[in-house]
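Visitor: quick check, what structure comes out for this input:
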Amino acid sequence: MNFKQELAAILYDLLDQAISAKELELMIEKPKNQELGDLAFPCFTLAKLKRKSPNLIAEELKEQINSPIFEKVEVVGAYLNLFLNKKAASEKVIHDIISQKAAYGALTFGNGGAVTIDMSSPNIAKPFSMGHLRSTVIGNSLAFIVEKCGYKPIKINHLGDWGTQFGKLITAYQLWGDAEKVKLNPIKELLTLYIKFHKEAESNSTLEDQGRSWFKRLEDGDEQALALWKWFREESLKEFSRIYQLMNVEFDSYAGEAFYNDKMDRVVKLLEEQQLLVESEQAQVVELTEEQLPPCLIKKSDGATLYATRDLAAALYRQEEYQFVQSLYVVGHEQSLHFKQLIAVLGKMGYDWSKQMHHIPFGLMLKDGSKMSTRKGKVVLLEEVLNESIAMARHNIEVKNPNIPNKDAVAKQVGVGAVIFHDLKNNRMNDIEFSLEEMLRFEGETGPYVQYTYARASSILRKANVKVDVGALSYENTWEKEWKVTSLLMEFAPAIKRACKNFDPSQVAKYIIDVAQAFNKYYADVKILEENAEQQGRLALVYSVTEVLKEGLRLLGLEAPAEM
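Guide: Residues are numbered from 1 along each chain as shown. Predicted coordinates for the structure are as follows:
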């Protein structure tokens with residue numbers, strides 16, 4: 001039951017339909033302090049309409065509201081504060097969760113529309129570093145969240161598999177590479193060569209020219225250059241696949257930069273036909289003065305195309321292939337200007353769907369306060385971090401609960417989950433300091449804390465050994481002690497909606513932390529397994545908590561271990 005909707009319908013009738021029920025629903029607030037009620041309606045907007053003081057309007061509405069949904073209505077200043085009937089509301093929400101299970105909280109406003117999500121996108125022939133974690137886990141969670149809201153997500157791994165860096169890498173391989181070493185440990189060896197190239201290039205400027213020359217050969221289809229490029233790409237994908245498997249991340253498409261090589265001429269032609277291309281310093285650009293943006297560079301003076309050309313081709317391809325209703329680019333905030341220009345150029349080309357393209361920026365992953373850089377060799381490998389986190393989680397399990405079955409599976413769920421949750425609990429625009437110790441704590445706002453709460457609630461249900469059956473439930477509870485938990489369970493769908501509308505998984509992460517904290521306090525205060533008239537209702541609440549925590553964790557890309 002949507003209690004905001006119910007209140008809006010009541011107010012709509014009481015106000016003689018002067019304001020739409022939808023507008024009224026948007027005006028209803030949830031007080032920060034539960035002592036002030038469960039819902040609050042500010043009457044300031046009505047003052048002009050009614051030609052009365054907002055305080056007087058609130059008093060009049062208080063007298064008129066007569067609904068079994070509310071057990072109490074109070075006026076505080078210009079606010080109408082409403083307290084839900086705890087028994088009726090609790091029984092309704094528990095009934096909904098038990099009958100709907102994992103479907104609880106689902107929304108339908110997506111109407112099956114396709115949402116493309118450009119995410120992860122590591123560069124081939126470079127290791128999968130911690131720097132790529134954020135795009136991967138934010139994009140993966142957003143895919144689950146938009147799906148929960150009725151959309152059809154399409155996850156695209158736009159691999160960095162083209163560009164001058166491959167000319168540099170081929171140069172380095174030709175000069176210093178050892179085929180056997182590369183075969184033995186491809187990514188590590190290729191990284192060593194890449195770092196050496198940049199170090200040597202500081203004192204030898206001809207290396208940059210050689211790099212450009214090899215990339216030109218690659219673009220022209222030179223057999224030797226292409227063979228090396230394909231080899232680098234295949235070896236990289238093997239390594240990436242292993243890491244994605246570790247994180248349970250899947251993709252619908254691996255179409256990277258190279259995929260659009262034969263699709264860029266069309267973009268240039270379209271821009272020429274619409275007379276949008278102008279020459280600037282011998283390069284071809286689209287002027288964006290009206291949009292208050294710098295010109296978008298489409299073709300360099302030597303005729304080479306750029307990122308913008310490629311991303312324009314990709315946007316056209318994705319719209320034609322998927323007919324997206326939204327297209328998300330989960331890419332670091334340093335690329336904000338690029339995406340503003342991309343969307344602006346498509347708008348100038350007359351594509352209205354460009355308004356549904358959104359850059360989803362995020363902050364940096366820091367190591368000791370500074371950015372990780374592959375070029376300088378200052379890199380933390382994601383696979384090593386995940387494996388170390390799993391090993392630490394396994395050690396914690398050995399200490400706290402050595403007899404649980406499937407220790408390795410649980411250690412993976414907790415270790416990988418800890419790394420993902422540490423990222424997603426933060427607003428995505430914040431920079432994040434990498435700290436394994438912080439991630440793996442079983443107390444505070446961490447993944448293991450939420451997972452442990454789920455395991456604890458599951459353990460209560462196992463001990464009770466009672467099948468929670470929605471048809472056979474009879475509640476004797478007054479629901480006073482349970483109210484903090486049950487009122488939070490009602491907020492699952494609104495939290496999911498906020499996460500979807502703001503492209504912000506932290507809304508779900510913060511919500512399940514709140515649920516876990518409220519449940520643990522309840523667990524400490526109430527003897528849930530004590531046999532009395534209230535036991536059945538309390539076990540139904542515990543079951544509801546497990547369903548919401550499990551689904552909340554899933555929306556973030558985490559698993560919920562039944563034992564820890």
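
Visitor: which stretches of this structure form strands?
Guide: Taking DSSP state E as the test, the strands found in the chain are 39-42, 70-76, 79-84, 114-118, 152-156, 277-280, 283-286, 296-299, 326-330, 357-360, 365-367, 370-371, 432-433.

Visitor: tabulate these (CSV), appending mean neighbour count, mean pLDDT and distance to residue 257.
Guide: In this view, the C-beta of every residue, glycine as well, is placed from N, C-alpha and C. Below are the strands of the chain laid out as CSV (neighbours: other CB atoms under 10 Å; pLDDT from 0 to 100; distance: least, CB to CB, whole Å):
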stretch, mean neighbour count, mean pLDDT, distance to residue 257
strand 39-42, 20, 98, 50
strand 70-76, 16, 96, 58
strand 79-84, 22, 97, 54
strand 114-118, 24, 98, 12
strand 152-156, 21, 98, 12
strand 277-280, 14, 93, 22
strand 283-286, 20, 94, 19
strand 296-299, 22, 94, 16
strand 326-330, 24, 98, 14
strand 357-360, 20, 98, 18
strand 365-367, 18, 79, 23
strand 370-371, 12, 73, 23
strand 432-433, 16, 86, 27
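
Visitor: how about those, which one is nearest residue 547?
Guide: Residue 547 lies closest to strand 79-84 among the strands of the chain, at 21.0 Å (CB to CB).

Visitor: give the partner strands of that closest one in its sheet and their orientations.
Guide: Here strand 79-84 has these sheet partners by DSSP bridges: strand 39-42 (antiparallel), strand 70-76 (antiparallel).

Visitor: reformat those strands as CSV; add distance to residue 301.
Guide: Listed next are the strands paired with strand 79-84 as CSV, based on distance: least, CB to CB, whole Å:
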stretch, distance to residue 301
strand 39-42, 60
strand 70-76, 68
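
Visitor: hang on, the earlier thing: next, format the strands of the chain as a markdown table and append distance to residue 6.
Guide: As requested, the strands of the chain are arranged in a markdown table below (distance: least, CB to CB, whole Å):
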| stretch | distance to residue 6 |
| --- | --- |
| strand 39-42 | 9 |
| strand 70-76 | 9 |
| strand 79-84 | 10 |
| strand 114-118 | 30 |
| strand 152-156 | 31 |
| strand 277-280 | 57 |
| strand 283-286 | 51 |
| strand 296-299 | 50 |
| strand 326-330 | 30 |
| strand 357-360 | 33 |
| strand 365-367 | 44 |
| strand 370-371 | 50 |
| strand 432-433 | 40 |
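
Visitor: closest one to residue 552 among these?
Guide: That would be strand 152-156 among the strands of the chain, by CB to CB, at 17.7 Å.

Visitor: gap between the closest one and the chain center?
Guide: Centre-to-centre, strand 152-156 and its host chain are 13 Å apart (CA atoms, centre = their mean, to the nearest Å).

Visitor: can you give the contact residues for it?
Guide: Strand 152-156 is contacted by residues 110, 112-119, 139-140, 142-144, 146-147, 250-253, 255, 318, 322, 324 when judged by CB atoms under 8 Å, 6 or more residues apart in numbering.

Visitor: buried members of those into ChimeraX, please.
Guide: Restricted to buried positions by 16 or more other CB atoms under 10 Å, the ChimeraX selection for the contacts of strand 152-156 reads:
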select :110,113,114,115,116,117,118,119,139,140,142,143,144,146,147,251,253,255,318,322,324
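
Visitor: in helices, which of the contacts of strand 152-156 appear?
Guide: Using DSSP state H, the members of the contacts of strand 152-156 that fall within helices are 139, 140, 142, 143, 144, 146, 147, 318, 322.

Visitor: wait, what's in contact with the third one?
Guide: Residue 142 sits next to 117, 119, 153, 328, 330, 360, 503, 505 when contact means CB under 8 Å, 6+ apart.

Visitor: can you put those in JSON lines and add distance to residue 429?
Guide: Shown next, in JSON lines, are the contacts of residue 142 (distance: CB to CB, whole Å):
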{"residue": "117", "distance to residue 429": "18"}
{"residue": "119", "distance to residue 429": "17"}
{"residue": "153", "distance to residue 429": "22"}
{"residue": "328", "distance to residue 429": "15"}
{"residue": "330", "distance to residue 429": "13"}
{"residue": "360", "distance to residue 429": "10"}
{"residue": "503", "distance to residue 429": "11"}
{"residue": "505", "distance to residue 429": "12"}
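
Visitor: out of the residues you listed, which one sits closest to residue 194?
Guide: residue 119 (23.6 Å).

Visitor: distance of the residue nearest to the closest one when sequence neighbours are not counted from residue 415?
Guide: Spatial nearest neighbour of residue 119, chain neighbours left out: residue 139 (2.6 Å); criterion: CB to CB, 6 or more residues apart in numbering. Residue 139 sits at a distance of 21 Å from residue 415 (criterion: CB to CB, to the nearest Å).

Visitor: what's the answer for residue 336, then?
Guide: 33 Å.

Visitor: so if I had to pick from those two, which one is more boxed in?
Guide: Legend: neighbour count by other CB atoms under 10 Å for residue 336 and residue 415, higher for residue 415 (27 against 12).

Visitor: can you give me the buried ones in stretch 459-470?
Guide: For stretch 459-470, the neighbour count (16+ other CB under 10 Å) marks 460, 461, 464, 468 as buried.

Visitor: restrict it to CA atoms and write it as CSV.
Guide: The C-alpha trace of stretch 459-470 is given here as CSV (Å, rounded to 0.1, in the frame of the first residue of the first chain):
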residue,chain,number,x,y,z
SER,A,459,19.4,-18.3,11.7
ILE,A,460,16.4,-17.2,13.8
LEU,A,461,14.0,-18.6,11.2
ARG,A,462,15.9,-21.9,11.1
LYS,A,463,15.8,-22.2,14.9
ALA,A,464,12.1,-21.4,15.0
ASN,A,465,11.5,-24.1,12.4
VAL,A,466,8.2,-22.6,11.4
LYS,A,467,7.0,-22.2,7.8
VAL,A,468,5.9,-18.6,7.4
ASP,A,469,2.7,-19.0,5.4
VAL,A,470,0.8,-15.8,4.4
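
Visitor: check contacts around the closest residue to residue 332 other than its chain neighbours.
Guide: Nearest non-adjacent residue to residue 332, counting by CB to CB, 6+ apart: residue 362, 6.0 Å away. Shown in contact with residue 362 (CB under 8 Å, 6+ apart): 134, 135, 138, 330, 332, 333, 428, 429.

Visitor: next: residue 291.
Guide: Counting by CB under 8 Å, 6+ apart, residue 291 makes contact with 340, 344, 347.

Visitor: out of the strands paired with strand 79-84, which gets nearest to residue 445?
Guide: Once these are compared by CB to CB, strand 39-42 is nearest, at 26.9 Å.

Visitor: list the contacts of the closest one.
Guide: 3-4, 7, 11, 24, 27-31, 54, 58, 61, 78-82, 84.

Visitor: where does pLDDT dip in the stretch 251-400 of the chain?
Guide: Counting by pLDDT under 70, the stretch 251-400 of the chain has low-confidence residues at 303-305, 372-379.

Visitor: ok so, going back, out of the contacts of strand 39-42, which are buried?
Guide: By neighbour count, with 16+ other CB under 10 Å, the contacts of strand 39-42 hold 3-4, 7, 11, 24, 27-28, 30, 54, 58, 61, 78-82, 84 as buried.
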